[in-house]
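Novice: here is the input, now give the coordinates:
(2 chains)
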Amino acid sequence: DSGVTQTPKHLITATGQRVTLRCSPRSGDLSVYWYQQSLDQGLQFLIQYYNGEERAKGNILERFSAQQFPDLHSELNLSSLELGDSALYFCASSAQDWHSPLHFGNGTRLTVT
Amino acid sequence: GQQVMQIPQYQHVQEGEDFTTYCNSSTTLSNIQWYKQRPGGHPVFLIQLVKSGEVKKQKRLTFQFGEAKKNSSLHITATQTTDVGTYFCAGSTDSNYQLIWGAGTKLIIKP
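Specialist: Next comes the predicted model:
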């Protein structure tokens, strides 16, 4: 158990809809990362927060947004969903915002129909 | 931009054979991390290397960081079915703290 909690585990929704994915980092970790992994593909970095502030942005679409709250949990909002957004979305946390190992949650599997 | 190339994409081995995956960076890295993702699972941190020429071992796994800190390898001796999964490397530099990920190498054990 990595100590990172992601909810929900599975999400099935229709095109055009909006969903929110939630992540609670490991106790004591200040950094939260979001990754997208399409079927049998690599990890695409979306965004990173450190202690409530956006730290780095990757290939995150404008339809996607995220935030980290004062209690350090994070939410990833995906809107105007398309079929191609179907993927596993992982949250990871680390102690610091650089060079620290990442601890991944179990992921949220999003299916857009 | 910065890239980390990882090869091979797939490797099929008989159980008991060795396995190696390689990562090459376009720039000098300050550290490199290795992760394993089992089928249906999430990436799990294995190890971090920070020193030039560093070699670390975890049982049958040997990790190396090149002298120039631009390449790294993971070698598994005598593979077992529990080794099945995808192995990812990820590196960062002193100027860009963001982790740059390799595409992963999928280890498949032939039946």
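
Novice: ok, residue B:44 - contacts?
Specialist: A:2, A:104, B:35, B:36, B:37, B:38 (Cβ atoms under 8 Å, 6 or more residues apart in numbering or on different chains). Where you see a C-beta, it was placed from the backbone N, CA and C, and this is true even at glycine.

Novice: beta-bridge partners for it, please?
Specialist: residue B:36 (DSSP bridges).

Novice: ok, and the closest non-adjacent residue to residue B:26?
Specialist: Nearest residue to residue B:26, sequence neighbours excluded (Cβ to Cβ, 6 or more residues apart in numbering or on different chains): residue B:3, at 4.8 Å.

Novice: circling back: only whichever of the contacts of residue B:44 are buried, select them in PyMOL.
Specialist: Selecting only the buried entries of the contacts of residue B:44 in PyMOL, with 16 or more other Cβ atoms under 10 Å in any protein chain shown as the criterion:
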select buried, (chain A and resi 2+104) or (chain B and resi 35+36+37)
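
Novice: flag the least confident of the contacts of residue B:44.
Specialist: Minimum pLDDT across the contacts of residue B:44 is recorded for residue A:2, with 84.

Novice: report pLDDT for the residue nearest to residue B:26.
Specialist: Note for residue B:3: predicted pLDDT of 89.

Novice: tell me, how many residues neighbour it?
Specialist: 10 (other Cβ atoms under 10 Å in any protein chain shown).

Novice: so what does it have for phi and psi?
Specialist: Dihedral angles of residue B:3 (phi, psi; degrees, to the nearest 10) stand at phi -140, psi 150.

Novice: which other helices and strands contact the helix or strand of chain B with the lowest mean pLDDT?
Specialist: Least confident helix or strand of chain B, by mean pLDDT, DSSP states H and E, is strand B:100-101 with a mean of 94. Strand B:100-101 sits against strand B:85-92, with contacts defined as 3 or more Cβ pairs under 8 Å, 6 or more residues apart in numbering or on different chains; DSSP states H and E.

Novice: strands paired with the strand it packs on, and their directions?
Specialist: Here, using DSSP bridges, strand B:85-92 pairs with strand B:31-37 (antiparallel), strand B:100-101 (antiparallel), strand B:105-110 (antiparallel).

Novice: list the contacts for residue 56?
Specialist: Since no chain was named, I'll use chain A. Here residue A:56 is in contact with A:45, A:47, A:48, B:97, B:98 (Cβ under 8 Å, 6+ apart).

Novice: chain B is the one I meant
Specialist: B:47, B:49, B:62, B:63.
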